[in-house]
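In: Structure for this input, please:
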Amino acid sequence: MKKTMLIGKVGSGKTTLIQRAGRRTVAEEKTQMVTYDGFFIDTPGEYVEMRHMYRALIVTAADADVIALVQSCTDDEIKFAPGFASIFPKEVIGIVTKIDAAENDSEAARAREILELAGAGRIFEVSALMDMGINELMDYLK
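Out: Residues are numbered from 1 along each chain as shown. Reported below is the predicted structural model:
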């Protein structure tokens, strides 16, 4: 399994995704520091929300094989600058989360566009709560 670092703003669904991928009970948690959980590296949302924390992301990325940019389809706020992925000398994928909560297809399409502009390669759409798309993502990371 490829060690994968998840990056996304607070509330984007990073921790919930990790819990579901590990087949654990999903419980709301706020990630306060970089957390290593099996093959995942969970980063606090503040790291992408505050530009001066980008260095922490770059340093932490040294431990990862894959960088995953996480964007909730229910969130219109953009925290990934165009080309953001270029700061990582690694494969960068995108994960659109909370697809079960999308009011229409355009919300997921907008999240995909944000991730594409940020430089994510392959993009996955998932719902950790409904267990949608998780198997496809995990198969890719094997």
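In: can you list the weak-confidence ranges in the chain?
Out: Counting by pLDDT under 70, the low-confidence segments of the chain come to 23-32.
In: Please enumerate the helices of it.
Out: 14-21, 46-49, 54-61, 105-118, 134-141 (DSSP state H).
In: for the ones you listed, which one ends up most surrounded?
Out: Most buried of the helices of the chain, by mean neighbour count (mean count of other CB atoms under 10 Å): helix 14-21, with a mean of 23. The way it works is simple: take the backbone N, C-alpha and C, and place the C-beta from them, glycine included.
In: How about the residue nearest the centre of the chain: what's its closest non-neighbour residue?
Out: Nearest to the geometric centre of the chain sits residue 70, at 2.6 Å (CA atoms, centre = their mean). Sequence neighbours aside, residue 8 is the residue nearest to residue 70 in space, at 3.1 Å (criterion: CB to CB, 6 or more residues apart in numbering).
In: Ignoring the adjacent residues along the chain, who's closest to residue 41?
Out: residue 5 (4.0 Å).
In: ugh, typo on my part, it should be residue 1
Out: residue 39 (4.3 Å).
In: For the one you found, the count of nearby residues, please.
Out: 18 (other CB atoms under 10 Å).
In: quick one: it and residue 2 touch, right?
Out: Yes: in terms of CB atoms under 8 Å, residue 39 counts as a neighbour of residue 2; the distance is 6.9 Å.
In: what's the overlap in contacts for the two?
Out: residue 141 (CB atoms under 8 Å, 6 or more residues apart in numbering).
In: Could you report the distance from the closest residue in space to residue 77 that isn't next to it in sequence to residue 131?
Out: Spatial nearest neighbour of residue 77, chain neighbours left out: residue 9 (7.0 Å); criterion: CB to CB, 6+ apart. Here residue 9 is placed at a distance of 23 Å from residue 131 (CB to CB, to the nearest Å).
In: who's in contact with residue 81?
Out: residue 118.
In: and the residue nearest to residue 77, how many neighbours?
Out: For residue 9, using other CB under 10 Å, the count is 21.
In: Just read off the phi/psi values of it.
Out: Backbone torsions for residue 9, taken as degrees, to the nearest 10, come to phi -70, psi 170.
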